[in-house]
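J.: Quick one, what's the 3D model for this:
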Amino acid sequence: MTQIEPSRYRARREQLWANLGGGVVVLPTAPEQTRNADSHYAYRFDSHFYYLTGFEEPEAILVMVSGSQGARHILFCREKHLEREIWDGFRYGPDKAKEVFGFDEAYAFESFTEKLPDLLKGHQQLVFPIGFDAAFDQQVLAIRSKLIPSVERTGEEVPHRIIDLLPEIAALRLLKDEAEVARLQRASDISASAHLRAMRFTRPGLFEYQVEAEILHEFVSNGARSPAYTSIVAGGANACVLHYITNQDVLKDGELLLIDAGCEYQGYAGDITRTFPVNGKFNPIQKDLYELVLASQYAALDKTKPGCGVRDGHFATLRVLSQGMLDLGLLKGTVDEVIEQETYKRFYMHGTGHWLGLDVHDCGRYKTGDQWTTLQPGMMVTVEPGIYIRPADDVPEAFWNIGIRIEDDVLITPEGHRILTHAAPKTVAEIESLMADR
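T.: A predicted model of the protein is given here:
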């Protein structure tokens, strides 16, 4: 897949600039993180920073400031350093980064504190990610504070209005362009392939981590060097732990296996959950519960289209699941009572989806005041209902320790929606047929 053109990143910065109305914009990327001793975690850029720059190296800062011809786009990054490149690999350096990534100016990362005072002068507004990094906050605000006495004497402006940058970028990231959709589709395809591999591989007696290894193999062999989040491979009762990541138990005959796993491809996340029988065949209780969850997902998908609220799918899911819980004898009362009293939360305690993009739980507002965000073409959501039944005296033993979740990645389109993860089987017939051919 070709790289996104630098002009696209610049267009995003220009849109942000227009929305803000000028001033000084400052955005650092994520710092490197120590794992232990002198070992670092594999570096992963900040999503906001990458969205606006396409630049993947650590120790980098984006600055935008008003100039005579509009915004000046400035990058601070690491300098070329032969010895460090021998040890750690290639660096662009300011000159090459300016050329390749379409900046007006580029300087050494170490010169940021020296140059920022002059960049702040003459502007009323400073926009940066408040709370992103306490040390960075202190650094920027201290530089601003030191300017105040001198500019008061000279009559120059210094930013007196400070705005949080993060919500402004989040509003842009909520709508995906065609280049982002292409990467999300590739992440979905690789993730779906990994789930297919896991279904074909799974059998009683394996450890959960052995199935996880198959998933990671499929990710990496297709160019997705890391998962978008820690994979959940949860057999039997472990599937009733929503964020189970221990992945160390033996898979048993007659149990279900819930896998929630997605890769990160060129920065963008896949996020799929499938639940299937370890031995390849659903028993009657498992089948009834599974088809209930699948029916609730279809109800949610019917509400996943332009003009619907982002939570309309969740509300549709609740009605189907609540009726199913009543029909199966798990709850008592009426559907309206179950929903009003929230007794369904005993067996279904999470939402039915979230935004998806550069982050698996992507940024963007779900609600403003009393109004849920309206779905628009270009938005990406997951749709992921589930049911989780722990042992209890008032629950028939046949239902105990069954956890089921079904999750797909869905793009809102002008016509309705498109499921990016359709390649991962999810009907009972599809799953049993695939596993019968192992």
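J.: quick one: low-confidence parts of the protein?
T.: 1-2, 152 (pLDDT under 70).
J.: Going along the chain, name the helices of it.
T.: 6-20, 47-53, 82-88, 93-101, 112-120, 134-154, 166-173, 178-201, 208-221, 284-302, 312-327, 335-341, 428-436 (DSSP state H).
J.: Dump these to JSON lines, plus distance to Glu384 and mean neighbour count.
T.: No exception for glycine: its C-beta is placed from N, CA and C like everyone else's. Compiled in JSON lines, the helices of the chain are given as follows (distance: least, Cβ to Cβ, whole Å; neighbours: other Cβ atoms under 10 Å):
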{"stretch": "helix 6-20", "distance to Glu384": "29", "mean neighbour count": "16"}
{"stretch": "helix 47-53", "distance to Glu384": "21", "mean neighbour count": "23"}
{"stretch": "helix 82-88", "distance to Glu384": "39", "mean neighbour count": "9"}
{"stretch": "helix 93-101", "distance to Glu384": "36", "mean neighbour count": "16"}
{"stretch": "helix 112-120", "distance to Glu384": "41", "mean neighbour count": "16"}
{"stretch": "helix 134-154", "distance to Glu384": "34", "mean neighbour count": "13"}
{"stretch": "helix 166-173", "distance to Glu384": "21", "mean neighbour count": "17"}
{"stretch": "helix 178-201", "distance to Glu384": "13", "mean neighbour count": "21"}
{"stretch": "helix 208-221", "distance to Glu384": "18", "mean neighbour count": "19"}
{"stretch": "helix 284-302", "distance to Glu384": "8", "mean neighbour count": "19"}
{"stretch": "helix 312-327", "distance to Glu384": "9", "mean neighbour count": "21"}
{"stretch": "helix 335-341", "distance to Glu384": "19", "mean neighbour count": "14"}
{"stretch": "helix 428-436", "distance to Glu384": "17", "mean neighbour count": "15"}
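J.: Could you save the ones you listed as a markdown table and add columns showing distance to Arg418?
T.: Output for those, formatted as a markdown table (distance: least, Cβ to Cβ, whole Å):
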| stretch | distance to Arg418 |
| --- | --- |
| helix 6-20 | 22 |
| helix 47-53 | 22 |
| helix 82-88 | 41 |
| helix 93-101 | 31 |
| helix 112-120 | 43 |
| helix 134-154 | 39 |
| helix 166-173 | 19 |
| helix 178-201 | 9 |
| helix 208-221 | 23 |
| helix 284-302 | 11 |
| helix 312-327 | 15 |
| helix 335-341 | 30 |
| helix 428-436 | 19 |
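J.: Which one of those lies nearest to Cys363?
T.: Minimum separation from Cys363 across these (Cβ to Cβ) falls at helix 166-173, 3.8 Å.
J.: what angle separates the closest one from helix 178-201?
T.: Angle of helix 166-173 versus helix 178-201, following axes from the mean of the first three to the mean of the last three Cα atoms, to 10 degrees, is 80 degrees.
J.: Now do helix 166-173 against helix 6-20, angle only.
T.: 130 degrees.
J.: Check which helices and strands helix 166-173 is in contact with.
T.: Under the contact definition 3 or more Cβ pairs under 8 Å, 6 or more residues apart in numbering; DSSP states H and E, helix 166-173 sits against helix 6-20, helix 47-53.
J.: What is the distance between it and the centre of its chain?
T.: Chain-centre distance of helix 166-173: 14 Å, with Cα atoms, centre = their mean, to the nearest Å.
J.: next one: stretch 212-229
T.: So, by Cα atoms, centre = their mean, the centroid of stretch 212-229 is 16 Å from its chain's centroid.
J.: Adjust the sequence numbering to begin at 20 for everything that follows.
T.: I'll keep to 20 as the first residue from here, and by that count the last item is stretch 231-248.
J.: Just the CA coordinates for that stretch, please, in PDB.
T.: Taking Å, rounded to 0.1, in the frame of the first residue of the first chain, the C-alpha atoms of stretch 231-248 are listed here in PDB:
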ATOM      1  CA  GLU A 231      -2.700 -16.200  20.500                       C
ATOM      2  CA  ALA A 232       0.600 -17.100  18.800                       C
ATOM      3  CA  GLU A 233      -1.300 -18.100  15.600                       C
ATOM      4  CA  ILE A 234      -3.100 -14.700  15.600                       C
ATOM      5  CA  LEU A 235       0.200 -12.800  16.000                       C
ATOM      6  CA  HIS A 236       1.800 -14.900  13.300                       C
ATOM      7  CA  GLU A 237      -0.900 -13.900  10.900                       C
ATOM      8  CA  PHE A 238      -0.600 -10.200  11.800                       C
ATOM      9  CA  VAL A 239       3.200 -10.000  11.400                       C
ATOM     10  CA  SER A 240       3.400 -12.100   8.300                       C
ATOM     11  CA  ASN A 241       1.000  -9.700   6.600                       C
ATOM     12  CA  GLY A 242       2.900  -6.600   7.500                       C
ATOM     13  CA  ALA A 243       1.100  -5.600  10.700                       C
ATOM     14  CA  ARG A 244       4.000  -5.600  13.200                       C
ATOM     15  CA  SER A 245       1.900  -5.300  16.300                       C
ATOM     16  CA  PRO A 246      -1.700  -5.900  17.600                       C
ATOM     17  CA  ALA A 247      -3.800  -2.800  18.000                       C
ATOM     18  CA  TYR A 248      -4.400  -3.800  21.600                       C
END
